[in-house]
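Asks: One predicted model, sequence on top.
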Amino acid sequence: MKLVLIIATTAIFLGGCGVIQKTPVTERNRILLTSEDEEKRLGLDAADEILKTSKQSTDAALTARVVNVGKKIVAVSSEAKAYTWDFYVLEDPTINAFALPGGKVFFYTGILKLMANDDQIACVMGHEIAHVLARHGAERMSQQQLSNLGGELLSVALKIPSKYQEVYQTAYGATSNLALMLPYSRKHESEADTIGVTLMYKAGYNPNEAVKFWQKMSQQGGAKTPEFLSTHPSDERRIKDIQTDIKKLK
């Protein structure tokens, strides 16, 4: 009976607070417990902190290229109108780019040095914009909330003494992170690739350059985290999936 009540309570919680939405392009259903306004606020706060502590590139021409590509890509997405977009280039040799909820996109000069043309900038830009449009940040936060709730509910259902419940929930959290959170993150990365390739294609960029760019990335060398413990797909899988996505473009 106690377990039934727990399940019923969880259902009511999800029904009252959760919102089921579809992602753009892939149309995947997911539950979002974080409001769009809250997600945007968190993104803006993080962007302000990054801009205070990071050096922006003084290369006006490079920044203009990145901004131009970003504007062209958001212009082809109806979902993008819900956000205020800003594109930044940070002076940093790190090979990376990222986007924050709400529409703030950052490129490091390190990754731009590997890009042979604007099509390859569009490849990564589309991927990062896709994270925002698909609200992957809100979904990750929602997954964490559900994961934490699951640990608390299971500790009650299994009648674990209160003095041991904190230890149990910590262990449960570590397990759920490996079994649930990381696979979902890999799903987000793959989904962002699919949406991103579609966006760059609609914006007039050559999607085949995405394959060339990720092939170049795969040749950068260095130790790589095993895929089952990584938040990104393996290079081989990513390239293969993008090639499949390109064949579906119309």
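Replies: Thanks, I have it. Residues are numbered from 1 along each chain as shown.
Asks: In three-state terms, label the spatially most central residue of the chain for me.
Replies: Centroid-nearest residue in the chain, with CA atoms, centre = their mean: His131, separated by 4.2 Å. Classification of His131 by DSSP: H, G, I helix; E, B strand; the rest coil places it in helix.
Asks: thought it was touching Ser190?
Replies: No - assessed by CB atoms under 8 Å, His131 is found out of contact with Ser190, at 11.7 Å. (C-beta placed from N, C-alpha, C; glycine too.)
Asks: can you give me the helices for this structure?
Replies: Taking DSSP state H, the helices of the chain run over residues 2-17, 36-53, 60-74, 109-112, 118-133, 136-157, 162-176, 182-202, 208-218, 235-247.
Asks: ok, and the closest non-adjacent residue to Ile88?
Replies: Ile isn't right for residue 88; it's Tyr. Leaving aside its sequence neighbours, Tyr88 sits nearest to Phe106 (CB to CB, 6 or more residues apart in numbering; 5.0 Å).
Asks: Specify the beta-bridge partners of the one you found.
Replies: Counting by DSSP bridges, Phe106 is bridged to Tyr88, Phe98.
Asks: burial count for it?
Replies: 22 (other CB atoms under 10 Å).
Asks: Then Asp118?
Replies: Neighbour number of Asp118 under other CB under 10 Å is 18.
Asks: so how far is Leu62 from it?
Replies: 11 Å (CB to CB, to the nearest Å).
Asks: What of Asp48?
Replies: Asp48 is 23 Å from Leu62, by CB to CB.
Asks: neighbour count winner among these two?
Replies: Set Asp48 next to Leu62 and count neighbours by other CB under 10 Å: Leu62 wins out with 16 against 11.
Asks: quick one: contacts for the residue nearest to Tyr88?
Replies: When contacts are counted by CB atoms under 8 Å, 6 or more residues apart in numbering, Phe106 touches Ile50, Tyr88, Val89, Leu90, Ala97, Phe98, Ala99, Leu100.
Asks: let's see 6 Å
Replies: Taking CB atoms under 6 Å, 6 or more residues apart in numbering, we find Phe106 in contact with Tyr88, Leu90, Phe98.
Asks: Hmm, the second one is touching Thr53, no?
Replies: No - checked against CB atoms under 6 Å, the pair Leu90 and Thr53 is beyond contact range at 10.1 Å.
Asks: Comparing the two, which shows the higher neighbour count?
Replies: Taking neighbours as other CB under 10 Å, Leu90 and Thr53 compare with Leu90 leading, 19 against 7.
Asks: and Val67, how many residues sit next to it?
Replies: Residue neighbour count, defined by other CB under 10 Å, stands at 16 for Val67.
Asks: pLDDT score assigned to it?
Replies: Confidence at Val67, expressed as pLDDT, is 98.
Asks: okay but it is in contact with Phe87, surely?
Replies: Yes - the pair Val67 / Phe87 is scored as a contact, 4.7 Å apart, by CB under 6 Å.
Asks: where does this protein have low pLDDT?
Replies: 1-18, 145-184, 221-231 (pLDDT under 70).
Asks: From Met141, how far out is the closest residue to Ala47 other than its chain neighbours?
Replies: Using CB to CB, 6+ apart and skipping the chain neighbours, the partner closest in space to Ala47 is Lys104 (4.0 Å). Using CB to CB, Lys104 is found at 17 Å from Met141.
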